[in-house]
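[1] I'll drop the sequence and a predicted model, then ask my questions.
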Amino acid sequence: MSDVSVVILTKDSASTLQKTLDSVRNFQEVIVLDTGSKDTTKEIVHSYPNTKWYEHPFSGFGRLRNLGVSYANSPWVLSLDSDEVLPLETLEKILSQKLDESKVYSFPFHNYFNGKWIRWCGWYPDRHIRLFPKERAQFSSDFVHEKVLYQDLQEERLETPIQHFSYHKIGDFLEKMQKYSTLFAEQNRYKRASSLGIAILHGVYAFIKSYLLQGGFLGGKEAFIIAMYNSQVSYYKYLKLWEANRDASCL
């Protein structure tokens, strides 16, 4: 498909990237922007004839996604992560869709853990804009939790999903908790107040929200693990922000 370029960010993505690239074989151009992989990510990318490899130091997810978009030659961009897969039904929907330049397109995400589609803890429904006209939309410049910004366009909500296989083992939770809590603190330093008490309250509320209000108690051990993870991420986000603000005040 020549009207749409796929843009993917990678770093040490060898364990998931092949499934992602297999799912976008039908697109003529797949832009891969890497931020310093030490595994076989580069070799995997070069084994696909429709891929183009670029490298850049990490500068925040929003800025990196916009950089990746700038390399695309097609008028439309489909943004994916290296642990996301386009199911056949979604591929067929995109290929058959008459894309309208006055719209951006969002997809429901099916998030998996331990081989199980998680429909609790805020992981479902989970909808994101991922297909948009290159010249009329862009990502926010946020370090983390970036989103597509668009003006004078309408969102069309497609119903075919994107599959997300972000967590395969417990270590994946710990690694992402460390990464995202640090990015949150960097992004919000000087902008938000925090303290030990605030961090504790956010952690407690995140568990109550995930496990009780968002139905985690219905999802077995996987949902309990995720609720605990959400609690810990929230706690450490605000604990690191407290530390960052305190350190900054000493400068």
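    Perfect, thanks for sending it.
[2] in the stretch 101-250 of the chain, which spans are helices?
    170-188, 196-208, 220-249 (DSSP state H, counting those that start in this stretch).
[3] Out of these, which one sits most buried?
    helix 220-249 (a mean of 19; mean count of other Cβ atoms under 10 Å). C-beta here means a position set from N, CA and C on the backbone, and glycine is covered the same way.
[4] Please report the distance of residue 14 from residue 93.
    For residue 14, the distance to residue 93 equals 29 Å [Cβ to Cβ, to the nearest Å].
[5] Save the helices of the stretch 101-250 of the chain as JSON lines, and put in distance to residue 69 too.
    Converted to JSON lines, those look like this (distance: least, Cβ to Cβ, whole Å):
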{"stretch": "helix 170-188", "distance to residue 69": "20"}
{"stretch": "helix 196-208", "distance to residue 69": "32"}
{"stretch": "helix 220-249", "distance to residue 69": "27"}
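[6] for this protein, what are the low-confidence residue spans?
    Counting by pLDDT under 70, the chain has low-confidence residues at 1, 248-251.
[7] Tell me who's in contact with the spatially most central residue of it.
    Against the mean C-alpha coordinate of the chain, by Cα atoms, centre = their mean, the closest residue is residue 81 at 6.0 Å. Listed by Cβ atoms under 8 Å, 6 or more residues apart in numbering, the contact partners of residue 81 are 8-9, 20, 164, 166.
[8] out of those, which one sits closest to residue 195?
    Sorting the contacts of residue 81 by distance to residue 195 puts residue 166 at the head of the list, at 30.3 Å, by Cβ to Cβ.
[9] I am finished for the moment; much appreciated.
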